[in-house]
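Peer 1: below: sequence and its predicted model.
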Amino acid sequence: MADAEKGEASATSSVAESIRSVTCTAPVNIAVIKYWGKRNEELILPTNDSLSATLDQDHLKSTTTAAISPDFEKDRIWLNGKEESIKNPRLQNCLKEIKRRARKRKGNEDVTSGLLNWHIHICSENNFPTAAGLASSAAGYACLVYSLAKLYGIQGDVTDIARQGSGSACRSIHGGFVQWVTGQRADGTDSRGLLVADEKHWPEMRILVLVVSDQKKHTGSTVGMRNSVKTSEFLNFRVEHEVPQRMKDILEAIKEKDYATFAELTMKDSNQMHAVCLDTYPPISYMNDTSRKIVRLIHEYNDHKGKISAAYTFDAGPNAVLYLLEENVSEVLSLIKNYFPPKENNEGNSFIRGFKEDSAKELSQELKSSISLEPSQGAIKYVISTRIGPGAQVVEDKDASLLNENGMPKKQL
């Protein structure tokens, strides 16, 4: 081996030996009582409590590898294979708070050994569309903060740190059903994500994610919320008179596994959030024609069943998320496939993703005759069939790391 090659191999080995890294995953959460509006923009403090369900990571998750080394020349971050600016203010807020807590912890070897001064490489990717209204920032920041906490040995609740990256990220730290408490303190230290019921509490609950668009939304949530707080009188009414009672009612419904109440509150709160968006000036419209057809389909289906058997909710985007019990999954999938048939080149398993055992069945003529919609081919790109799942977690398999032995992304655009 030539001297130059020996030197290069030696340098590579040195970097690999000095790297300290951790890989974690975090889930998407979909709110049933919505967060829309901040009382403090800088600290990301909400105007009202919210409540969500955490979705199974087998189907929707963010993965992050965070690594530190004395050989790294600067802090760097890659998102979905593309290098981004590490100077993003929200990211910096999370990193600074993690390091502050690490320095504060007594007996932390990272402080005495100087590890907190090493540069960091962060690599993160989602297995679902980013910025399309599927809570990508919530999963991403929850994963980032959880990874940083494990990397620097932070113990205890870090949901308030995740909140500083993306508000609803505080709900993706936990699994099951999670409440984001508004809090009363001006510094936001009591605005956190609290576990209401874990992922094993309601095993019959299932979720269908209907991907109408995987494109970036035209009005980001941050801008949309800011405009609503400034201009929507309906938002103030919602915060003061509607949400407090809804929170009490839905918490009780989850405790008792009362699907009918849970489903009705979920649909009403989704409708109200989007009504606030329309009451904003200029108005914001996240739902499109396909979204509205899905709403109509669910109501006509429930009318046919004589009870609520499926419930929709929409975040800041056109994609629908349906909450339903396991016994109705096959029939609802059949409805979706019949009235929103896939394009011819998207037939088969690629249209219904997630649980492979879930499939559409033949619809009864009676059910078909009760639905007044005309089919819209290709309006729904695909469906993810999933369930309630666990929160953020460490991945022990070293091969799952998104960074190679030199601390660089294994995949890069």
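Peer 2: Right, received. Where do you want to start? Residues are numbered from 1 along each chain as shown.

Peer 1: when you work out contacts or count neighbours from here on, use the C-alpha atoms and nothing else.
Peer 2: Will do.

Peer 1: which stretch of helix or strand covers the residue nearest to residue 387 when sequence neighbours are not counted?
Peer 2: In this structure, residue 387 finds its nearest non-sequential neighbour in residue 206, 4.5 Å apart by C-alpha to C-alpha, 6 or more residues apart in numbering. Assessed by DSSP states H and E, residue 206 sits inside strand 205-211.

Peer 1: tell me how far the following helix or strand past that strand is from the chain's mean position?
Peer 2: Per DSSP H and E, the first helix or strand lying C-terminal to strand 205-211 is helix 221-231. Here the centre of helix 221-231 is set off from its chain's centre by 20 Å, with C-alpha atoms, centre = their mean, to the nearest Å.

Peer 1: got the contact list for residue 31?
Peer 2: Residue 31 sits next to 50, 51, 52, 53, 315 when contact means C-alpha atoms under 8 Å, 6 or more residues apart in numbering.

Peer 1: at 7 Å instead, please
Peer 2: Residues counted as contacts of residue 31 (C-alpha atoms under 7 Å, 6 or more residues apart in numbering) are 51, 52, 53.

Peer 1: name the SS class of it, please.
Peer 2: Per DSSP: H, G, I helix; E, B strand; the rest coil, the secondary structure class of residue 31 is strand.

Peer 1: what is the residue nearest to residue 387 paired to in the beta sheet?
Peer 2: When bridges are called by DSSP bridges, residue 206 pairs up with residue 324, residue 387.

Peer 1: now the contacts of residue 31 in a markdown table, with pLDDT, secondary structure and neighbour count?
Peer 2: As requested, these are exported to a markdown table (pLDDT from 0 to 100; DSSP: H, G, I helix; E, B strand; the rest coil; neighbours: other C-alpha atoms under 10 Å):
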| residue | pLDDT | secondary structure | neighbour count |
| --- | --- | --- | --- |
| 51 | 98 | strand | 26 |
| 52 | 98 | strand | 24 |
| 53 | 98 | strand | 28 |
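
Peer 1: could you dump the residues you listed to a markdown table with distance to residue 320?
Peer 2: Below are those laid out as a markdown table (distance: C-alpha to C-alpha, whole Å):
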| residue | distance to residue 320 |
| --- | --- |
| 51 | 17 |
| 52 | 15 |
| 53 | 14 |
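
Peer 1: so where is the stretch 151-300 of the chain shaky, pLDDT-wise?
Peer 2: Scanning the stretch 151-300 of the chain for pLDDT under 70 picks out the ranges 217.

Peer 1: strands along that one, start to end?
Peer 2: Assigned by DSSP state E, counting those that start in this stretch, the strands in the stretch 151-300 of the chain fall at 177-180, 193-197, 205-211.

Peer 1: next, count neighbours for the closest residue to residue 412 other than its chain neighbours.
Peer 2: Excluding the flanking residues, the one nearest residue 412 by C-alpha to C-alpha, 6+ apart is residue 81, at 4.2 Å. Neighbourhood size, residue 81 [other C-alpha atoms under 10 Å]: 16.

Peer 1: what separation is there between residue 81 and residue 213?
Peer 2: Residue 81 sits 21 Å away from residue 213, going by C-alpha to C-alpha, to the nearest Å.

Peer 1: tell me if I'm right that the residue nearest to residue 412 and residue 411 touch.
Peer 2: Yes: counting by C-alpha atoms under 7 Å, residue 411 is a contact partner of residue 81 at 5.8 Å.

Peer 1: could you dump the lengthiest helix in the chain to PDB, C-alpha only?
Peer 2: Assignment by DSSP state H gives helix 259-279 as the longest helix of the chain. Taking C-alpha atoms only, helix 259-279 is exported to PDB below (Å, rounded to 0.1, in the frame of the first residue of the first chain):
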ATOM      1  CA  TYR A 259     -66.200   4.900  19.700                       C
ATOM      2  CA  ALA A 260     -69.400   6.800  18.800                       C
ATOM      3  CA  THR A 261     -68.500   9.800  21.000                       C
ATOM      4  CA  PHE A 262     -64.800   9.700  20.000                       C
ATOM      5  CA  ALA A 263     -65.700   9.700  16.300                       C
ATOM      6  CA  GLU A 264     -68.300  12.500  16.500                       C
ATOM      7  CA  LEU A 265     -66.000  14.800  18.400                       C
ATOM      8  CA  THR A 266     -63.100  14.000  16.000                       C
ATOM      9  CA  MET A 267     -65.200  15.000  12.900                       C
ATOM     10  CA  LYS A 268     -66.600  18.100  14.500                       C
ATOM     11  CA  ASP A 269     -63.300  19.300  15.600                       C
ATOM     12  CA  SER A 270     -61.700  18.800  12.200                       C
ATOM     13  CA  ASN A 271     -64.600  20.700  10.600                       C
ATOM     14  CA  GLN A 272     -64.200  23.500  13.100                       C
ATOM     15  CA  MET A 273     -60.500  23.900  12.600                       C
ATOM     16  CA  HIS A 274     -61.000  24.200   8.800                       C
ATOM     17  CA  ALA A 275     -63.800  26.600   9.400                       C
ATOM     18  CA  VAL A 276     -61.400  28.800  11.400                       C
ATOM     19  CA  CYS A 277     -59.000  28.600   8.400                       C
ATOM     20  CA  LEU A 278     -61.800  29.900   6.100                       C
ATOM     21  CA  ASP A 279     -62.600  32.600   8.700                       C
END
